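Sequence first, then the predicted structure, then my questions.
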Amino acid sequence: MSIHIGAQMGEIADKILLPGDPLRAKFIAENFLENPVCFNEIRGMLGYTGTYKGHRVSVMGTGMGMPSISIYANELITSYGVKKLIRVGTAGSLNKDVHVRELVLAQAAATTSAIIRNDWPEYDFPQIADFDLLDKAYHIAKDLGMTTHVGSVLSADLFYSDLGEKNLKLGTMGVKAVEMEAAALYYLGAKHNVQTLALMTISDNLLDPSEDTTAEERQTTFTDMMTVGLETLIAE
Ligand code: HPA
C-alpha cells in the first residue's frame with residue numbers, strides 16, 4: 001500500500017488510464033474492461049484493473065488539478081511500477097481553430113504552476129508528451145475519424161482565474177486549450193523516466209462561450225477518447 005492507494009503490489013497494471021473523475025474511472029472499467037477488479041476506494045478515488053483486448057490495463061481517478069494528479073501519479077509510478085500513464089480529460093478551447101467536442105493531444109504543456117519552477121528555478125523546463133504515445137494516439141484518433149489537434153496546452157492552477165485575457169492571448173500563439181493536469185503529469189514522466197500523455201476533449205470554448213454540446217454528444221466524444229487512450233496503451 002502507498003499512502004493514498006490501497007492496492008497490494010501486483011494489483012495495478014503497468015499501463016493506466018487516468019480520468020479526473022473517479023466515477024468516470026468506474027464507467028470506463030465497467031464499459032471497456034473485462035473482469036474489472038476495484039483496487040482502491042481510499043478517498044473515493046476509485047481504481048480498477050481488468051483486461052482490454054487481452055491486455056492487462058488499469059484505470060483510476062486522479063481528482064482535479066496538478067497537486068492531486070501529482071500525488072496519484074507519483075505513487076502509481078514509484079510504489080506500483082506503472083510505466084505508461086495516459087490522462088483522459090476535458091479542456092477549454094483558447095484557440096479559434098479548436099471547437100467543442102474535438103480532441104486535443106497535448107504535445108507540450110505550459111504552466112502557471114510553481115511545482116516545476118520550485119525544482120528548477122533557473123530553467124524553463126519543457127513539459128512534453130512521450131513521442132511514442134503521442135504518435136500512436138494521433139494515428140489511432142485519425143483512423144477513428146476524430147477531429148484531432150496536436151500542440152501545446154496551458155495547465156493552469158485555477159479554473160476560476162483572473163488571467164482570462166492573457167490565457168486567450170496564448171491561444172493566438174498557437175496554444176490549443178486550457179486544462180489543469182498535463183504539465184505535472186509530464187514532469188513526473190520526465191522525472192521518473194516513464195511514458196506519459198494527456199488527451200482531452202474540448203468541453204467549453206473560452207473564445208465563444210455560446211458553443212455548447214448536449215450531454216449525449218459529450219458522452220460520444222468522451223467514449224471515443226477512451227478508445228483512443230486504451231488502444232494507445234496496448235499498441236505495440
Ligand atoms: N479551464 C480549466 N480547465 C478546464 C476548463 C477550463 O475552462 N474546461 C475544462 N477543463
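On my side now, so go ahead.

what's the helix or strand for residue 151?
Residue 151 is part of strand 148-155 when elements are defined by DSSP states H and E.

do the same with residue 73
Residue 73 belongs to helix 66-78, assigned by DSSP H and E.

now residue 187
Short version, using DSSP H and E: residue 187 is in helix 182-192.

Which neighbouring elements make contact with whichever helix or strand comes after the helix holding residue 73?
For helix 66-78, the succeeding helix or strand toward the C-terminus, using DSSP H and E, is strand 84-93. Counting contacts by 3 or more C-beta pairs under 8 Å, 6 or more residues apart in numbering; DSSP states H and E, strand 84-93 is packed against strand 15-19, helix 66-78, helix 131-143, strand 177-179, helix 182-192, strand 195-205, helix 215-234. For every residue, glycine as well, the C-beta is placed using N, CA and C.

relative orientation of the helix or strand just after strand 84-93 and helix 215-234 in degrees?
Counting by DSSP H and E, the next helix or strand C-terminal to strand 84-93 is strand 103-111. Orientation of strand 103-111 against helix 215-234 (axes from the mean of the first three to the mean of the last three C-alpha atoms, to 10 degrees) gives an angle of 80 degrees.

Give me the contact list for the helix or strand encompassing residue 57.
Here residue 57 sits within strand 55-60, counting by DSSP H and E. Residues outside strand 55-60 that contact it (C-beta atoms under 8 Å, 6 or more residues apart in numbering): 5, 12-19, 22, 25, 28-29, 32-33, 39-40, 45-51, 72, 76, 82, 230, 233-234.

Are any of those residues buried, and if so which?
5, 12-19, 22, 25, 28-29, 32-33, 39-40, 45-50, 72, 76, 82, 230, 233-234 (16 or more other C-beta atoms under 10 Å).

still on that earlier bit, which other helices and strands contact the strand holding residue 151?
Counting by 3+ C-beta pairs under 8 Å, 6+ apart, strand 148-155 packs on strand 103-111, helix 131-143, strand 177-179, helix 182-192.

residues near the residue of the chain found nearest the ligand, how many?
The chain approaches the ligand most closely through residue 92 (2.6 Å), counting by C-beta to the nearest ligand atom. Residue 92 has 23 neighbours, counted by other C-beta atoms under 10 Å.

which bits of this structure sit near the ligand?
The chain has residues 90-92, 156, 159, 178-180, 203-204, 206 near the ligand, with proximity defined as C-beta under 6 Å from any ligand atom.

Show me which of these are buried.
Neighbour-count burial (16+ other C-beta under 10 Å) applied to the residues of the chain next to the ligand gives 90-92, 156, 178-180, 203-204, 206.

residue contacts, residue 196?
73, 84-87, 129-130, 133, 185-186, 188-189.

pLDDT wise, what is it at?
In this model, residue 196 is scored at 98, pLDDT.

ok, for it, nearest residue in space, not its chain neighbours?
residue 189 (3.3 Å; C-beta to C-beta, 6 or more residues apart in numbering).

Need the max-distance pair from the buried ones among the residues of the chain next to the ligand.
Using C-beta to C-beta, the two most remote members of those are 156 and 203, lying 14.5 Å apart.
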